[in-house]
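Undergrad: No sequence on hand, only this structure:
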C-alpha cells in the first residue's frame, strides 16, 4: 500500500515536470514567433503562405476556389469558413488596432492560439463529464494540446485547431445528451459538426462515429435525421460555390504522389511525441483484451467506451488513407490523439489501481521528459521558426519595379512584401502538376520563357527558367532583379 502511494506521488511529480517542460517549450516557441511590438517575419508551418494569401484575397474581395492549373496558379486549399472567419477577425483587429496587412500573420496566429485555449477547456470539460475532475486530467490535457504534436499548430494560420474545437464540442454535447437525445439536440450537433467541416473539409470523423453509434444501437431514425440535416447543409454549401469548390478542396484530379517514407516518419513522430498517451492506451487495451476478455462489441463494452473507440478506429482509418501523401504532417493525427485522451480519461482507474501498470506509465513520463529536454537543448525539433531578415531593405530596393513581376521565393511573394499584379504563392503540388504538364502555359516557367513578365526577382539559381529574354539590373537582399530586354 505504501509502495503504491509512493509510486503515485512520483507519477504526480513527473506529470507536473512534464507539464512544466511542455509549457517552457511552448513559451519559447511563442516568443520566437510572435511579438506585438515588432514585426516577426517568420512562417510557423509549412506552406502557411497558402492560407495567408487566400485570406488576403478574401479581404480584398478576390474570388476563391479558382482553377489552380490556370494562371496565376492559386490554390484555395481549405473550406470556406476558415477564410471567412479569419478575414472577419482581422477586419475587427485592423479596426481596433489600426493595423496594416503586414500584421495579418501575427494577429491571426494569436486568433489560432485563442482557439487552442478554447480547445483545452473543451477537452477538459469533456473529461470532467466522463470521469470527474482531477489534476492528472489537467496535466495530461495540457501536455496534449500544448505539447510536441500540436506544437506550432497552435500559433499558425491554419483551420485545424478551430475545426477540432468544434468536433470536440460535438463530442461533449453528444456524450452529455446521449441517453435522452431528441431532435433539437440532433439539429444542434449537426450544426456544430457542419461548422467543423466548414473550417476543414476532412472533419467528418466525429460525424461518422456518432452515426455508427446510432446504427449499432438500432437507432435508425436518429441516423436518418442526423444525416439528412448534415447532408442538406453540405448540399446547400456546394450549391452556392463555384465548380472548382469540391475539386480544389478534395484534390480531385490533382497530382499528389504517395510516399511510404512519409508514413513511416510521421508514425514514428506520432508515437514518440505522444509516448505517454500510447503507453496508457496500450495498458487499457491489454486489460480489456487479455484480462477482461472484452471483444469490441456493443454487448461487452459500455456505450461511452464504444463511442470513443469507434472514433479512434475511424480516425486511424482516416490517417492510414492520407498518411502516405507527400507533405502530410502532424495535423492529420489530432483526432486520433483527442480520442485516445478521452479513452484514457474514461478508463484511468485501470492504470492507477495497478502497480505494474503504474510503473509502465511512469516509464513513459520519463521518456517524454527526456524528449522535452532534447528539444530544449536543440538536439531535436526546433524552438524557433524560419526567419526572414532585411525585409524593409528589400522593399525599398524593389519599390520602383513594375507590377508585372514574378518572385521565386514564397514568403516574398506575399502581397505585403512585394506589390505586384495577381499575387500567388507556389503551392505544394505545383511542382508535381508542372512535371505532369498540366499547368496552363507551362506554369511560371513557360511564361518566363515567353517573356510574359516585365521583371523577375530571383533568390535562387534556377536551371528550370529560360532567362535569355532577361538581363540582370541589380541585386536586392540576396535577390537578383532581372528586366525584360525589350
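TA: Received the coordinates, thanks. Here the structure is a predicted model, which is why all the values come from computation and not from measurement.
Undergrad: which regions of the protein sit below the pLDDT cut-off?
TA: 1-5, 293-300 (pLDDT under 70).
Undergrad: any idea how it splits into domains?
TA: Here the domain parsing of the chain from automatic domain parsing is 2-33+78-376, 387-484.
Undergrad: Output those as TSV; include the columns mean neighbour count and distance to residue 48.
TA: (Each C-beta comes from the backbone N, C-alpha and C, glycine too.) Listed next are the domains of the chain as TSV, based on neighbours: other Cβ atoms under 10 Å; distance: least, Cβ to Cβ, whole Å:
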stretch	mean neighbour count	distance to residue 48
domain 2-33+78-376	18	6
domain 387-484	16	9
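Undergrad: got CSV for those domains, with distance to residue 57 too?
TA: What follows is the domains of the chain, written out as CSV (distance: least, Cβ to Cβ, whole Å):
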stretch, distance to residue 57
domain 2-33+78-376, 8
domain 387-484, 8
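Undergrad: gap between the longest helix along the chain and the chain center?
TA: Taking DSSP state H as the criterion, the chain has its longest helix at helix 2-33. Its chain's C-alpha centre and that of helix 2-33 lie 25 Å apart, by Cα atoms, centre = their mean, to the nearest Å.
Undergrad: Can you tell me the strand partners of the next helix or strand after it and which way each runs?
TA: Going down the chain from helix 2-33, the next helix or strand is strand 42-43, by DSSP states H and E. Strands flanking strand 42-43 in the sheet, each with its direction: strand 386-387 (antiparallel) (DSSP bridges).
Undergrad: ok, and what's touching the partner strand?
TA: Residues outside strand 386-387 that contact it (Cβ atoms under 8 Å, 6 or more residues apart in numbering) are 40-43.
Undergrad: Out of the domains of the chain, the one nearest residue 59 is which?
TA: domain 2-33+78-376 (5.0 Å; Cβ to Cβ).
Undergrad: Run the chain-centre distance for that closest one.
TA: 11 Å.
Undergrad: Show me where the chain has its strands.
TA: Using DSSP state E, the strands of the chain run over residues 42-43, 386-387, 405-407, 455-458, 470-476, 479-484.
Undergrad: now these as TSV including distance to residue 51?
TA: As requested, the strands of the chain are exported to TSV (distance: least, Cβ to Cβ, whole Å):
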stretch	distance to residue 51
strand 42-43	10
strand 386-387	16
strand 405-407	18
strand 455-458	22
strand 470-476	26
strand 479-484	24
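Undergrad: give me phi/psi at residue 423?
TA: Residue 423 adopts backbone torsions of phi -60, psi 140, taken as degrees, to the nearest 10.
Undergrad: Now do the same contact list for it.
TA: Neighbouring residues of residue 423 by Cβ under 8 Å, 6+ apart: 53, 56-57, 72, 413-415.
Undergrad: Dump those residues to a markdown table, plus distance to residue 485.
TA: A markdown table is the format used below for the contacts of residue 423 (distance: Cβ to Cβ, whole Å):
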| residue | distance to residue 485 |
| --- | --- |
| 53 | 30 |
| 56 | 32 |
| 57 | 32 |
| 72 | 23 |
| 413 | 24 |
| 414 | 28 |
| 415 | 27 |
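Undergrad: out of those residues, which one sits closest to residue 483?
TA: Nearest to residue 483 out of the contacts of residue 423 is residue 413 (Cβ to Cβ; 18.5 Å).
Undergrad: if we can go back for a sec, of the domains of the chain, which is nearest residue 64?
TA: domain 2-33+78-376 (6.3 Å).
Undergrad: Identify the residues contacting residue 276.
TA: Neighbours of residue 276 in contact, by Cβ under 8 Å, 6+ apart: 18, 140, 143, 361, 364-365, 368.
Undergrad: With distance to residue 95 as extra columns, can I get those in CSV?
TA: Conversion of the contacts of residue 276 to CSV gives the following (distance: Cβ to Cβ, whole Å):
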residue, distance to residue 95
18, 41
140, 39
143, 37
361, 50
364, 48
365, 46
368, 43
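Undergrad: Which of these fall in helices?
TA: Those of the contacts of residue 276 lying in helices (DSSP H): 18, 140, 143, 361, 364-365, 368.
Undergrad: Distance of the residue lying closest to residue 126 once chain neighbours are set aside relative to residue 125?
TA: Excluding its sequence neighbours, the residue lying closest to residue 126 (Cβ to Cβ, 6 or more residues apart in numbering) is residue 172, at 4.4 Å. According to Cβ to Cβ, to the nearest Å, residue 172 and residue 125 sit 6 Å apart.
Undergrad: next one: residue 207
TA: Distance from residue 207 to residue 125, by Cβ to Cβ: 20 Å.
Undergrad: Equivalent analysis for residue 325, please.
TA: Separation of residue 325 from residue 125 (Cβ to Cβ) stands at 34 Å.
Undergrad: check contacts around residue 304.
TA: For residue 304, the contact set (Cβ under 8 Å, 6+ apart) comprises 130, 175, 178, 346.
Undergrad: Nearest spatial neighbour of residue 93, chain-adjacent residues omitted?
TA: Spatial nearest neighbour of residue 93, excluding adjacent residues (Cβ to Cβ, 6+ apart): residue 107 at 4.7 Å.
Undergrad: Would you agree that neighbour is in contact with residue 87?
TA: No: between residue 107 and residue 87 there is no contact under Cβ atoms under 8 Å: 12.0 Å.
Undergrad: Would you agree residue 475 is in contact with residue 481?
TA: Yes: the criterion here is Cβ under 8 Å, and residue 475 meets it with residue 481 at 6.9 Å.
Undergrad: got a list of what residue 363 touches?
TA: Per Cβ under 8 Å, 6+ apart, neighbours of residue 363: residue 279.
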